[in-house]
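Enquirer: coords please:
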Amino acid sequence: MFIFAHRRTLTLLDGEYGSVFKGRSLDFDELRTYVPGDEVRDIDWKATARHGSPLVKRYVAVRRHSVLLLVDTGRNMAAEAFSGESKKDIAVHAAGVVGYLACRHGDDVGLVHGNASAPRYRPAKNGEEYLERLLREIDSSITLDSQPSDLAGLLDYVLRFIKRRMLVVVVADEFLPDARTEDLMRRLRARHELLWLTVRDAELAPGMDAPATDSSRLQGSTDVATGNGIPMALSSDRAVRAAYEHAMILRADRREGLFRRLGIAEEQATGSDDVLTAVFALLEKHRSGARTSRAGAARGQRGG
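Expert: This next block holds a predicted model:
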């Protein structure tokens with residue numbers, strides 16, 4: 001695995017990654033009285049109810065943190081991305097960037113991936129050799145013959161079996177969560193540090209600009225999730241394309257509102273060329289969101 005980037009870019013990514021964990025520890029130590037500036041998410045509500053005043057969980061510092069890559073390796077990720085590449089290649093690249101940063105900081109990296117058949121878990125360990133094995137497993141697991149994607153199943157697996165607080169980085173395709181998935185995302189956000197990287201879908205008819213004699217103008221598109229085809233005559237119709245683009249704008253607005261409401265930092269990558277930029281923006285968005293939450297909690301405490 002090699003990450004090609006300017007040294008300055010890597011330095012910026014290193015700083016953003018490190019700031020995500022700054023001031024936070026992951027192993028529970030004891031309870032203490034809440035003071036302005038503490039994370040609201042660290043309040044132990046049961047202990048607070050018994051004590052009569054807010055108590056927060058105190059964590060003991062650890063040298064290593066744990067990063068969990070949660071990657072959809074279902075059939076959906078074998079589809080074409082916005083850039084024309086396979087979503088699989090972009091997912092491997094994104095997981096590699098995050099994992100590489102973790103290794104540089106001496107942190108452990110684990111993996112949860114899978115499809116509708118079953119989730120697969122690889123415990124967090126340190127080292128670029130281990131990261132390389134994880135990336136190869138992601139790459140080999142995504143094929144057009146794979147079972148359909150089941151992101152809700154992966155989220156549920158992490159909630160049920162991963163007890164230690166981690167930095168969870170989700171890599172999935174562009175989708176609109178249903179009610180169950182939204183509930184799982186909310187619960188996962190409460191238990192872990194959660195970041196979300198979306199691999200953008202391809203256009204409805206990406207071959208429209210090709211010459212009329214080009215075979216891509218004669219072939220339709222296929223939905224890899226269902227196997228249903230979309231004839232080129234239909235997907236190239238102006239009215240159909242306009243209706244599709246309008247529906248995608250509304251869908252994107254709903255997705256953005258959902259992530260904002262859940263307090264989950266989300267960024268999108270259209271192709272391999274913008275993965276580094278997307279990861280940087282994602283880390284910055286998560287760090288800024290955490291800082292805003294702490295400031296809001298402190299204001300609320302002073303107001304009370």
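Enquirer: Quick check, pLDDT for residue 220.
Expert: If you check residue 220, the pLDDT there is 60.
Enquirer: can you give me the helices for the stretch 1-150 of the chain?
Expert: Secondary structure of the stretch 1-150 of the chain (DSSP state H, counting those that start in this stretch): helices at 7-21, 45-51, 87-104, 128-141.
Enquirer: and after the lowest-mean-pLDDT helix or strand in the chain, which helix or strand comes next?
Expert: Taking mean pLDDT, DSSP states H and E as the measure, the chain has helix 215-218 as its least confident helix or strand, at a mean of 44. Downstream of helix 215-218, the first helix or strand assigned by DSSP states H and E is strand 221-222.
Enquirer: The following helix or strand past that next one - contacts with which helices or strands?
Expert: Per DSSP H and E, strand 221-222 leads on to strand 229-230 as the next helix or strand towards the C-terminus. When contacts are defined as 3 or more CB pairs under 8 Å, 6 or more residues apart in numbering; DSSP states H and E, strand 229-230 packs onto strand 221-222. (C-beta placed from N, C-alpha, C; glycine too.)
Enquirer: what about the stretch 51-200 of the chain, any weak spots by pLDDT?
Expert: Along the stretch 51-200 of the chain, the parts satisfying pLDDT under 70 run over 59-63.
Enquirer: cutoff 80 now
Expert: 58-64 (pLDDT under 80).
Enquirer: quick one, strands of it?
Expert: Secondary structure of the stretch 51-200 of the chain, counting by DSSP state E, counting those that start in this stretch: strands at 55-60, 66-72, 108-114, 119-125, 167-173, 193-199.
Enquirer: Redo those strands as a markdown table? Include distance to residue 241 and mean neighbour count.
Expert: Below are the strands of the stretch 51-200 of the chain laid out as a markdown table (distance: least, CB to CB, whole Å; neighbours: other CB atoms under 10 Å):
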| stretch | distance to residue 241 | mean neighbour count |
| --- | --- | --- |
| strand 55-60 | 52 | 16 |
| strand 66-72 | 27 | 26 |
| strand 108-114 | 34 | 23 |
| strand 119-125 | 37 | 16 |
| strand 167-173 | 21 | 24 |
| strand 193-199 | 22 | 24 |
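Enquirer: Could you point out which of the ones you listed sits nearest residue 221?
Expert: strand 167-173 (15.2 Å; CB to CB).
Enquirer: Give me whichever of the helices of the stretch 1-150 of the chain is most buried.
Expert: Most buried of the helices of the stretch 1-150 of the chain by mean neighbour count (mean count of other CB atoms under 10 Å) is helix 87-104; its value is a mean of 23.
Enquirer: Give the other helices and strands that that helix contacts.
Expert: Counting contacts by 3+ CB pairs under 8 Å, 6+ apart, helix 87-104 is packed against helix 7-21, strand 66-72, strand 108-114, helix 128-141, strand 167-173, strand 193-199, helix 275-303.
Enquirer: Tell me which of those approaches residue 101 most closely.
Expert: helix 7-21 (4.4 Å).
Enquirer: contacts for the closest one?
Expert: For helix 7-21, contacts defined as CB atoms under 8 Å, 6 or more residues apart in numbering pick out 3, 5, 65, 97-98, 101-102, 104-105, 167, 193, 276, 279-280, 283-284, 286-287, 290.
Enquirer: Mind doing that once more with 10 Å?
Expert: Identification of contacts with helix 7-21 by CB atoms under 10 Å, 6 or more residues apart in numbering yields 3, 5-6, 65, 67, 97-98, 100-102, 104-105, 107, 167, 193, 195, 265, 276-277, 279-288, 290-291.
Enquirer: again, but for stretch 48-55
Expert: Applying CB under 10 Å, 6+ apart, the set of residues contacting stretch 48-55 is 30-35, 38, 40, 42-47, 56, 301, 304.
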